[in-house]
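fold the following and give me the result.
(one chain, ligands or ions: 2)
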Amino acid sequence: MTKALFVVSECAPLVKTGGLADVAGALPRALAHIGVGVRVLLPGYRSVMQQIGKTQKVAQFDDLLGGPARLRACTVAGLDLLILDAPHLFDRDGAIYGDPSGADWPDNAERFAALCKAAAMIAKGGVDGWVPGIVHGHDWQAGLTPEYMHALGVTTPFVFTIHNIAFHGNTDAVKLQALGLDPARFTSEHFEFWGQISAIKAGLVGAAKINTVSQTYAEELLTPEFGIGMDGILRARQADLSGIVNGIDLDVWNPATDPNITTYTTVRGKSANKKALRKTFGLGPADGPLCVLVSRLTEQKGIDLLLDALPALLNRGGQLALLGSGDPKLEVALLETADAHANLSVKIGYDEALSHQMMAGGDAILVPSRFEPCGLTQLYGLRYGTLPLVALTGGLADTVINASPAALARGVATGVQFFPVSAQALANGFVRLTDLFHDKKTWTTMQRNAMKQPVGWETSAAAYKALYDAALEARQ
Ligand code: ADP
Ligand code: GLC
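Ligands and ions are numbered 1, 2, ... in the order given. Presented below is the predicted three-dimensional model:
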């Protein structure tokens, strides 16, 4: 049986800011079905420590990046967790990456270096008799793991998954010593990047295999536009780079059993949820589609494009219910626009239950991202018969079948894609979406197609297992 150690900064249901947490929470269970035993190494943030019940202390460190730390083993929601309990790094008010004012924690480099160091130590000696055969890191927070493994002489293959290349985890070179990194390896072949220490580069250089969360994003990453500084390194490692599309947790996202909604198994069952959703958002009846959007509000997600394109939806009798939080400027712009339009309703905040209700009650789900490594909300939409209107990029390109004349003629379309990623193209997308919505027969066929799409983890978990096998083989 393969044993894999996940090194990750968030994991549902304990701590989540985005899709990374969903993946870290669902993939281990999917891998367990095919004979891969995963333990998830996760920082013991204050909120995590408050949620976990009984734990077993399995290791301790007298001084881990400036203070004592312990590793605690526990099981939560079927996940086998190793919690890095390091109060000097993780026991604080505020968010997981930043202080209550929203600024990044000044010691983020140390915080996640500690996670990587703990991972390397687990890889070396194991914990309570369990030694991983694969170390699987996610995003920059896990990037320094191969450096620490190298320092300890550990040859366990490191697999690195990029969920978002936009975050590099770069930090000033003066921290070399504090982080316990080898100054001799502070070179462009290893983890030096434009004079800084780069956690993501360390991961990309040190990984036996690299993957990202869709095939299209794996190709996009090789270009300067999408690679955001890392494209050269990725081109050099192209032979070891692949794309494995994310799945969703079909137990959590199932309209037939979802405790947050009026459950349904056919598209007809959506109407009660639509009615309830309109009430929740204070929206009246309307002729056009009720669109929903659930997202972090950042530049990546194309919310500014949406604001510009919105008249094309509203003028055709469409509606939008939006839930999100993030960039204060976008939050204000959305709230102000909502004040001026009866058919736009915005809720600023983070609300898991409401996000389920939106998937159940919406006619269409919007994802107008400038780039999107995979994207999960369009997958939830498919499963709930809520048709995606998405930008043609990354995982959005790979998971939605555009209602092109050819796809409609074959009866296989599941949504609408727009390209290029601009306000004008999105506005055109709204026109196509609204026309399709009024063609009830076609719309219903598309909804049925959507609900039948295989959006679970089965295929992709098998692809991860194959990636682990390839990483193990490469070492021999
Ligand atoms: P990203 O990881 O870039 O944020 P994804 O689409 O992969 O994008 O994942 C986002 C996840 O976070 C989804 O599970 C989505 O439902 C959830 N989410 C984002 N914003 C909110 C919010 N305001 N309330 C509830 N869930 C949210
Ligand atoms: C990232 C990406 C998103 C992806 C998620 C999980 O946050 O922005 O596209 O779905 O990670 O892999």
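
for the stretch of helix or strand Ala397 belongs to, which helices and strands make contact with it?
Assignment of secondary structure by DSSP states H and E places Ala397 within helix 394-399. Counting contacts by 3 or more CB pairs under 8 Å, 6 or more residues apart in numbering; DSSP states H and E, helix 394-399 packs against helix 215-220, helix 377-383, strand 387-391. No exception for glycine: its C-beta is placed from N, CA and C like everyone else's.

most neighbours per residue, which of the ones you listed?
Comparing the helices and strands packed on helix 394-399 by mean neighbour count (mean count of other CB atoms under 10 Å), strand 387-391 comes out on top with a mean of 28.

give the pairing partners of that one; include direction for each.
Here strand 387-391 is paired, per DSSP bridges, with strand 364-367 (parallel), strand 416-418 (parallel).

now these as a markdown table including mean pLDDT and distance to Leu306?
Formatted as a markdown table, these follow (pLDDT from 0 to 100; distance: least, CB to CB, whole Å):
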| stretch | mean pLDDT | distance to Leu306 |
| --- | --- | --- |
| strand 364-367 | 99 | 7 |
| strand 416-418 | 98 | 11 |
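
export the ones you listed to a markdown table and append columns for mean neighbour count and distance to ligand 1.
Below are the strands paired with strand 387-391 laid out as a markdown table (neighbours: other CB atoms under 10 Å; distance: least, CB to the nearest ligand atom, whole Å):
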| stretch | mean neighbour count | distance to ligand 1 |
| --- | --- | --- |
| strand 364-367 | 27 | 7 |
| strand 416-418 | 24 | 16 |
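
make CSV from these and add distance to ligand 2 to it.
CSV is the format used below for these (distance: least, CB to the nearest ligand atom, whole Å):
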stretch, distance to ligand 2
strand 364-367, 9
strand 416-418, 16
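
and the strands in the stretch 251-400 of the chain?
For the stretch 251-400 of the chain, the strands defined by DSSP state E, counting those that start in this stretch occupy 290-297, 319-326, 344-348, 364-367, 387-391.

with adjacent residues omitted, what lies nearest to Leu376?
Gly19 (4.6 Å; CB to CB, 6 or more residues apart in numbering).

how about Leu472?
Nearest one to Leu472, counting by CB to CB, 6+ apart, is Pro157 at 5.8 Å.

could you dump the strands paired with strand 387-391 to CSV with distance to Ala103?
As requested, the strands paired with strand 387-391 are exported to CSV (distance: least, CB to CB, whole Å):
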stretch, distance to Ala103
strand 364-367, 28
strand 416-418, 35
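
nearest to Thr216, out of the ones you listed?
strand 416-418 (11.5 Å; CB to CB).

from the chain's centre, how far out does that closest one sit?
Computed by CA atoms, centre = their mean, to the nearest Å, the chain-centroid distance of strand 416-418 equals 21 Å.

same thing with stretch 350-361?
The answer for stretch 350-361 is 17 Å, by CA atoms, centre = their mean.

could I get the buried residue list for that stretch?
Leu354, Ser355, His356, Gln357, Met358, Met359, Ala360, Gly361 (16 or more other CB atoms under 10 Å).

for stretch 334-341, the averaged confidence score.
Confidence for stretch 334-341, expressed as mean pLDDT, is 98.

residues near Leu222, how many?
16 (other CB atoms under 10 Å).

hmm, Ala236 and it touching each other?
No - between Leu222 and Ala236 there is no contact under CB atoms under 8 Å: 10.2 Å.

thinking again about what came up before, among the buried residues of stretch 350-361, which lie within helices?
Leu354, Ser355, His356, Gln357, Met358, Met359, Ala360, Gly361 (DSSP state H).
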